[in-house]
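# Sequence and computational prediction follow.
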Amino acid sequence: MGNLKNEYKSFLDDIEKNIKNKEDLEYVKERFADFMDIVLNDMENILDYKDEEMKKLEVKQNEIETEMNKLKTIVDHIEKDIYDEDGFDFEIVCPYCNYEFVIDVDDNKTEVQCPECKNIIELDWNGGEDEEGCNGSCHGCSGCDDVEDEDDDM
C-alpha cells in the first residue's frame, strides 16, 4: 500500500503543476479522489472475500487432517492385526453362558474368567489330547456322550 500512496501523491503533485486553472484542478482532484475511493473499496471487498475463502479452506483442511488421522489409526490397527507376531488371538465360547470372547494365546495361562457370567473356564492348550473322553464344554460339539453326566455333577 505504501507504493500506492506514493503514486497518489505524485499524481496530485503532477496535476497541480500542469493545471493552472484552479476550478479545473479542483474538479480533477475531486474526480480522481472519487475514483480512488471506488478502487480502494473494491480492493477491500476483494481482500475480505479472500479472507473468508481462506478461513473456509482452513476449516476444510482441519476436517481433512482429522479424517486422515482417523484413517491412519485404522490402517495402523489393520497393520498391527496383520503383521503383529507378538500375540495371537484365541476365540473362547463360555460353556456356561455361550458368550464368545477373544483372549491372547498364552501357554502359561491355565484358566480365564468369562467377562459375561464371571465363571472360570479351564484352558487346555493341547486340545484335550491327554484326557480321556470329552468334558462337554466344546461349542457345537456333536460327539459328546458324557455331557449330561457332567451337568449332573454341578
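Now that the structure is in, tell me what you want to look at. Numbering: from 1, shown residues only.
# Check for me that Asn6 belongs to a strand.
No. Residue assignment for Asn6, taken from DSSP: H, G, I helix; E, B strand; the rest coil, gives helix, which places it outside any strand.
# ok so Cys117 is a strand residue?
No. With three-state DSSP as the criterion, Cys117 is assigned coil and is not in a strand.
# quick one: pLDDT of the closest residue to it other than its chain neighbours?
Leaving aside its chain neighbours, Cys117 sits nearest to Cys97 (4.1 Å; criterion: CB to CB, 6 or more residues apart in numbering). For glycine as for every other residue, the C-beta is placed from the backbone atoms N, C-alpha and C. Cys97 is assigned 94 on the pLDDT scale.
# what does Phe88 give?
Model confidence at Phe88, expressed as pLDDT, equals 64.
# and if you look at Lys80?
So, for Lys80, pLDDT stands at 71.
# show me the contacts for the residue nearest to Cys117.
Cys114, Glu116, Cys117, Asn119 (CB atoms under 8 Å, 6 or more residues apart in numbering).
# how many neighbours does the residue nearest to the second one when sequence neighbours are not counted have?
Beyond its immediate neighbours in the sequence, the residue positioned closest to Glu116 (CB to CB, 6+ apart) is Tyr99, lying 3.6 Å away. For Tyr99, the neighbour count with other CB atoms under 10 Å is 13.
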